[in-house]
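Enquirer: how does the following fold in three dimensions:
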Amino acid sequence: MKSKSLIVFLCVFALAVSIILPAFVLTKNQDISVLGISAEASNNTVSLSLKSAPLTDYENTIAALINNTRAANGLNALSSDDLLNNIANLRSQDMMARNYFSHYTPENTNVFDLMRANGVGFRYGGENLAQSSPASAGTVEGFLNAWLNSPTHRDNILGSHYTKIGVSMIEIDSRRVLTTVFTN
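Expert: Got it, this is the predicted structure:
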């Protein structure tokens, strides 16, 4: 009974830390920078139709590698979600257009605000960001390895409570930005 109480306490503590003090992790791996955030929330789902574009080969490869990593750890694959792909794309575009790299926009909003504003209901949500300069340094394997070597990113990738993923990669000149969004 004590071990069960300890596990519950540790889970609640970890959850509280991720909500109150988002766990931003900045990891350098060659010319790759990564950031990760996760949260638990409750929100009503509103149906929203956004124009959907198919994922690029690069984005599909990232999603496949994440699902391969999950399978190797006994977890179900994440389903690609058109709305989350659009959310990820909006995040990547905004960081490129306004030249920043953060979970928070210059107006101090984040991916969870963007999801709610676009009708995405979730109990659990996460975002992994990566950027590289030069862009060619940002290989799918390089980004995945950087994320897997970071506890926050690894937790998002291996979160058993996640069922959906959105992916977007934007490359302009010598910079590549990759956003992955996770929800249940």
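
Enquirer: is the residue most central in space within the chain in a helix, a strand, or coil?
Expert: With distances taken as Cα atoms, centre = their mean, the chain has Glu127 as the residue nearest its mean C-alpha position (2.4 Å). Of the three states, Glu127 takes strand according to DSSP: H, G, I helix; E, B strand; the rest coil.

Enquirer: I figured it hits Asn156, correct?
Expert: Yes - between Glu127 and Asn156 a contact is recorded at 7.5 Å, counting by Cβ atoms under 8 Å. C-betas here are computed from N, CA, C, even on glycine.

Enquirer: on that earlier part again, how much space between the closest residue to the residue nearest to the centre of the chain other than its chain neighbours and Thr180?
Expert: Using Cβ to Cβ, 6 or more residues apart in numbering and skipping the chain neighbours, the partner closest in space to Glu127 is Val111 (4.4 Å). Val111 sits 10 Å away from Thr180, going by Cβ to Cβ, to the nearest Å.

Enquirer: of the two, who's got more company?
Expert: Legend: neighbour count by other Cβ atoms under 10 Å for Val111 and Thr180, higher for Thr180 (29 against 26).

Enquirer: how much space separates the more buried one from Leu144?
Expert: 10 Å.

Enquirer: any shared contact partners between these two?
Expert: Ile62, Ile66 (Cβ atoms under 8 Å, 6 or more residues apart in numbering).

Enquirer: lowest-scoring secondary structure element of this protein by mean pLDDT?
Expert: helix 2-20 (a mean of 33; mean pLDDT, DSSP states H and E).

Enquirer: just the buried positions in the host helix or strand of Thr61, please.
Expert: Thr61 is part of helix 57-72 when elements are defined by DSSP states H and E. Buried positions in helix 57-72, judged by neighbour count with 16 or more other Cβ atoms under 10 Å: Tyr58, Glu59, Thr61, Ile62, Ala63, Leu65, Ile66, Asn67, Thr69, Arg70.
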